[in-house]
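Visitor: Got a sequence here, can you build the structure:
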Amino acid sequence: MIDALSNFHFLRPYWLLLIPAAIGLWLFWRARSESLRGWRAQIDPELLAALSHGGRRSGVTNSCLLLAGWIIAALAISGPTWKMKPSPFAQDAPPLVILLKADKSMTPADQQTSPLDRAKLKIADLAEARKGQPLGLVAYAGSAHLVLPPTQDTTVVAQMAAEISPEIMPVPGDRLDLAIEVAQRALPEGTDAAEFLVVANSVTEDRETLEAAAKKMSHAKVMFLAIGEPDADGFASIETAARALNASVQPLTVDGQDIERIVRSADAVSLASVTGEDRQWVESGYWLIPALAILVAASFRRESPKVEGDAA
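Guide: Model prediction:
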């Protein structure tokens, strides 16, 4: 809901200028079309009110409905929208490469469910949510290694991630810069957009090294899935690394919202790669057509004149 509100805008906002124009035209028309306009200058208002009944009230109602119809029509023509179109080139979606940290800090002995275990569960959820779209995997500690290049068989990615542990990493450490280089080389030739998802509980590299790694990236952006509490030291180190890489940070959640946001971020990369800076939005002005039809039909409704007092 919050995303919808933040994304709400009009595709053709200049058509909103019709609204003040319609209100001005309506006021002018109301002033010129009043049937008693000529009598008001010659007859006392109380006497005029006693001599007339019914017609003015029904006319005001119908004209108000007509004005509301004009305003709704202007809003519909302006193209209200709050969500983007799904990519028509889903099978050509840019790759998402997971950079999974696998050093010993991801498997502390004092935790029943280690950060690496939680990372593997999230990767499985991501593989399920991103079925049929390119997903790759890089494991890193003191060295970085390509586990799988981007593949549409995301189930295999989840299975391979489940087998990664600090014991199979040849060099201990935390070299995210090397992982970024490996992920960059794993992208298919001609890739013009990609996203690297770093799944880690902390980043120990200095800012200069990460900034140098960021300069080597082309057509890719970085996002962190932070495996840890927001008040932990590791989370703060991830935020520092994210600033060096101009990346975003997604905290771990228990309800799957983190995966939904990661998928939406990857979809945004997909749309940007297809349309460049011009995103494709779903025009939702047609939702106003039923309300417009009801108002127009009501404005043409004939009302029986109301007779006050006894007919006799």
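Visitor: which ones are touching Asp103?
Guide: Under the criterion of Cβ atoms under 8 Å, 6 or more residues apart in numbering, the contact list for Asp103 reads 141-142, 166, 169, 172-174. To be clear about C-beta, it is placed using only N, CA and C from the backbone, and glycine gets the same treatment.
Visitor: how close does it get to Met169?
Guide: Using Cβ to Cβ, to the nearest Å, Asp103 is found at 7 Å from Met169.
Visitor: Next: Tyr14.
Guide: The gap separating Tyr14 from Met169 is 58 Å, by Cβ to Cβ.
Visitor: go on, Thr154?
Guide: In this structure, Thr154 and Met169 are 23 Å apart, going by Cβ to Cβ.
Visitor: more neighbours, these two?
Guide: Between Thr154 and Met169, counted using other Cβ atoms under 10 Å, the more crowded position is Thr154 (25 against 20).
Visitor: Only the buried residues of the helix or strand where Ala21 lies, if you could.
Guide: Taking DSSP states H and E as the criterion, Ala21 maps to helix 18-33. Within helix 18-33, the residues that count as buried by 16 or more other Cβ atoms under 10 Å are 18-19, 22, 26.
Visitor: Where is pLDDT lowest across those?
Guide: Across the buried residues of helix 18-33, the member with the lowest pLDDT is Trp26, scoring 85.
Visitor: Which residue comes closest to it once chain neighbours are left out?
Guide: Spatially, and ignoring its direct neighbours in sequence, Trp26 is nearest to Leu67 (4.6 Å; Cβ to Cβ, 6 or more residues apart in numbering).
Visitor: Just give me the neighbour total for the one you found.
Guide: Counted by other Cβ under 10 Å, the residues lying close to Leu67 total 20.
Visitor: again, but for Ser105
Guide: Applying other Cβ under 10 Å, we find 19 residues neighbouring Ser105.
Visitor: What of Ile259?
Guide: Other residues near Ile259 number 21, with proximity taken as other Cβ under 10 Å.
Visitor: what about it, distance to Ala293?
Guide: Taken as Cβ to Cβ, the span from Ile259 to Ala293 is 41 Å.
Visitor: quick one: which helix or strand includes Leu148?
Guide: strand 144-151.
Visitor: I'd like to know which elements that strand is packed against.
Guide: Identification of packing neighbours for strand 144-151 by 3 or more Cβ pairs under 8 Å, 6 or more residues apart in numbering; DSSP states H and E yields strand 96-101, strand 135-140, helix 154-162, helix 176-186.
Visitor: Make TSV out of the ones you listed and add distance to Met84 and mean pLDDT.
Guide: Shown next, in TSV, are the helices and strands packed on strand 144-151 (distance: least, Cβ to Cβ, whole Å; pLDDT from 0 to 100):
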stretch	distance to Met84	mean pLDDT
strand 96-101	17	94
strand 135-140	21	94
helix 154-162	22	93
helix 176-186	26	92
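Visitor: want to try TSV for these, with distance to Glu283 as columns?
Guide: Below are those laid out as TSV (distance: least, Cβ to Cβ, whole Å):
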stretch	distance to Glu283
strand 96-101	28
strand 135-140	31
helix 154-162	32
helix 176-186	36
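Visitor: closest one to Asp231 among the ones you listed?
Guide: Nearest of the helices and strands packed on strand 144-151 to Asp231, taken as Cβ to Cβ: strand 96-101 at 19.8 Å.
Visitor: Tell me which residues are up against that closest one.
Guide: Taking Cβ under 8 Å, 6+ apart as the rule, strand 96-101 contacts 119, 123, 126, 130, 133-141, 144, 150, 157, 161, 164, 174, 176, 179-180, 183, 186-187, 194-201, 266.
Visitor: Helix or strand next in line after that strand, which one?
Guide: helix 115-129.
Visitor: For that next one, buried residues please.
Guide: Under the neighbour-count criterion of 16+ other Cβ under 10 Å, helix 115-129 has 115-116, 118-120, 122-127 buried.
Visitor: of the residues you listed, closest to Asn7?
Guide: Among those, and counting by Cβ to Cβ, the member closest to Asn7 is Leu126, at 22.9 Å.
Visitor: would you list every one of the strands in the stretch 151-300 of the chain?
Guide: Per DSSP state E, counting those that start in this stretch, the stretch 151-300 of the chain carries strands over the ranges 194-200, 220-226, 248-251.
Visitor: Please identify the most buried of those.
Guide: Comparing the strands of the stretch 151-300 of the chain by mean neighbour count (mean count of other Cβ atoms under 10 Å), strand 194-200 comes out on top with a mean of 26.
Visitor: and that one with strand 96-101, angle?
Guide: With axes from the mean of the first three to the mean of the last three Cα atoms, to 10 degrees applied, the angle from strand 194-200 to strand 96-101 works out at 20 degrees.
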